[in-house]
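Colleague: generate a structure from the sequence data that follows.
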Amino acid sequence: MKTIIIVAPHFPPSAMPPAQRVRLLVRHLHEFDWHPVVLTVDHYYREEVSDPWMVELAGKNYEKIDLKCLDQRKTRRFGIGDLGLRMLPFLFFQVRKIARKNKADFVLYPVPPWYIMVVAPFVKWATGIPYGIDFIDPWVRQQKKDENIKAKISQWIARRFEGFAVKRSAAIFAVSQGILNDLLKRYPSVKDKALAAVPYGVELNDYSSINRSQAAIGPALILIRYIGAVSDSMLPVVKALLMTMEQVQLRRKIRVEFIGTSYAGSGLAQPRIQPFLDEIGLQEFVTEAPDRVTYRRAVELTRSADILLLVGDMTPYYAASKLMGLIASRQPFFAFLQRDSFPAQFLRQLNYPFIIEYTATAGDLPEQRQQAVEEKLIALIDTLPDFRPVSTDEPSFRQHTAWGMTKSFVDTIQKAEHGQATL
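Modeller: All right, here's what the predicted structure looks like:
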């Protein structure tokens, strides 16, 4: 077996999107003759909910090594909470040591946290081991005029160090083609590398192991749920959706719940959409619980809702980590997505009927699609008894299972190893 080192600051018992991505990989890499060694940090140093189920789901076909990390209880006094930044003082020496000891064939850096990318070229120079970067979210982004000094410094660092790491990599992965396209615009020379857009995969057993249950809110009330974080770029879309909900509620009896809307760690979460609820006057039937829930609880909440929401943002590279999970759950869901994003393209390919699309151009903004959203959501409510889920036997879906996602990673690494890309 070959050995792959995965530098994963977020790993089970974390249920954060990067942790989900890596646990799906380590579950199946051995099937492709790769032995994964995961370098992470003890959960004590992570500001996130512990989810023991995630450890169970990851399986046992990997080795886990905890790296040193600065204690957030001390560093937050100086405004430093980023896990990657807190690992940085120790990262190079520990990755170099473990890569040499395990005679690794490849090193993978899933980001965020993005600062771990900075050590990648130095580890390669010290060991000769090629590496890849997996962009779960973009590091460099369009800056806003009203950003605070901390955000400005972060982007200043990103614009100076991203290219340093990317140009020296052997392979680049991303959850969407849009992220790769942006990288190619900034660094045209990486076109000769092994590049792969690999959307989030899903393990079908995650959903089949949790029984369908009915929420106790009354037989005549339709429960609509959004489960997941709400980013800044999603806020205009969410606001347009909420304004639509006001009209839907006048026509049908609904209750809407937004759960786990904050990216912040345990005890640090703040409401994300409450100002919209106050402004529009939706408090009677729309609620927000910003604290993140465990993955098991998220699956349970998914399985007990009448309708799930899939909400995009204003960028074309939005990947929606929950998309494949919604399909695997076989639950009815309504999608409100940017037309050029992968989730929108994928659902169009499947001819999924309950989707409304928008762009970021005048005349087609989210708020200008409210009438279409209202009618489509009403149609879904009225046809719930006859809802037909997407078949999980669809070839286009099967390639995005956890096994299919892992195969895409392995195939891309092999292309880099065999010289099919200029390293």
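
Colleague: how about the contacts made by Thr412?
Modeller: Residues near Thr412 by CB atoms under 8 Å, 6 or more residues apart in numbering: 132, 171, 173, 194-196, 198. No exception for glycine: its C-beta is placed from N, CA and C like everyone else's.

Colleague: just for the stretch 151-300 of the chain, where's the confidence low?
Modeller: For the stretch 151-300 of the chain, the stretches flagged by pLDDT under 70 are 213-219, 265-267.

Colleague: and the strands in it?
Modeller: Assigned by DSSP state E, counting those that start in this stretch, the strands in the stretch 151-300 of the chain fall at 171-174, 194-197, 222-227, 254-259, 286-289.

Colleague: okay if I get those as a markdown table plus mean neighbour count?
Modeller: Output for the strands of the stretch 151-300 of the chain, formatted as a markdown table (neighbours: other CB atoms under 10 Å):
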| stretch | mean neighbour count |
| --- | --- |
| strand 171-174 | 24 |
| strand 194-197 | 21 |
| strand 222-227 | 22 |
| strand 254-259 | 20 |
| strand 286-289 | 18 |
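
Colleague: between the ones you listed, which gets nearest to Arg141?
Modeller: Nearest to Arg141, of all the strands of the stretch 151-300 of the chain, is strand 171-174, at 13.8 Å by CB to CB.

Colleague: sheet-wise, list the partners of that closest one with their directions.
Modeller: Strand pairing for strand 171-174, using DSSP bridges, gives strand 131-135 (parallel), strand 194-197 (parallel).

Colleague: now those in JSON lines, with distance to Lys239?
Modeller: Output for the strands paired with strand 171-174, formatted as JSON lines (distance: least, CB to CB, whole Å):
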{"stretch": "strand 131-135", "distance to Lys239": "27"}
{"stretch": "strand 194-197", "distance to Lys239": "29"}
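
Colleague: Glu375: which of those is closest?
Modeller: Comparing those by CB to CB, strand 194-197 comes nearest, at 32.7 Å.

Colleague: list the contacts of the lengthiest strand in the chain.
Modeller: Using DSSP state E to define each element, the chain has its longest strand at strand 34-41. Residues from elsewhere that reach strand 34-41 (CB under 8 Å, 6+ apart): 1-11, 22, 25-26, 29-30, 61-69, 83, 87, 94-95, 98, 102, 104, 410.

Colleague: among the residues you listed, which ones are buried?
Modeller: By neighbour count, with 16 or more other CB atoms under 10 Å, these hold 2-11, 22, 25-26, 29-30, 62, 64, 67, 69, 83, 87, 94-95, 98, 102, 104, 410 as buried.

Colleague: and stretch 263-283, how far from the chain's centre?
Modeller: 20 Å (CA atoms, centre = their mean, to the nearest Å).

Colleague: tell me the buried residues in it?
Modeller: By neighbour count with 16+ other CB under 10 Å, stretch 263-283 contains the buried residues 263-265, 269, 271-274, 276-277, 282.

Colleague: the residues you listed: which two are farthest apart?
Modeller: Once CB to CB is applied, the buried residues of stretch 263-283 give Gly265 and Leu282 as the farthest pair, at 27.5 Å.

Colleague: go through the contacts of strand 34-41 and flag which are in helices.
Modeller: If you go by DSSP state H, the contacts of strand 34-41 have 22, 25-26, 83, 87, 94-95, 98, 410 in helices.

Colleague: and those residues as a markdown table, adding pLDDT and distance to Ile179?
Modeller: Output for the ones in helices among the contacts of strand 34-41, formatted as a markdown table (pLDDT from 0 to 100; distance: CB to CB, whole Å):
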| residue | pLDDT | distance to Ile179 |
| --- | --- | --- |
| Val22 | 97 | 18 |
| Leu25 | 97 | 18 |
| Val26 | 97 | 23 |
| Leu83 | 90 | 21 |
| Met87 | 92 | 23 |
| Gln94 | 94 | 28 |
| Val95 | 95 | 24 |
| Ile98 | 95 | 28 |
| Val410 | 97 | 20 |
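
Colleague: quick one: which of the residues you listed is nearest Phe161?
Modeller: When the ones in helices among the contacts of strand 34-41 are ranked by distance to Phe161 (CB to CB), Met87 comes first, at 15.3 Å.

Colleague: so who does that closest one touch?
Modeller: 9, 41, 67-70, 113, 115-116.

Colleague: same deal with Ser391?
Modeller: Phe397.

Colleague: where does it land in three-state SS?
Modeller: For Ser391, the assignment made with DSSP: H, G, I helix; E, B strand; the rest coil gives coil.

Colleague: just the terminal-to-terminal distance for stretch 324-342.
Modeller: End-to-end distance of stretch 324-342 (CA to CA, to the nearest Å): 12 Å.
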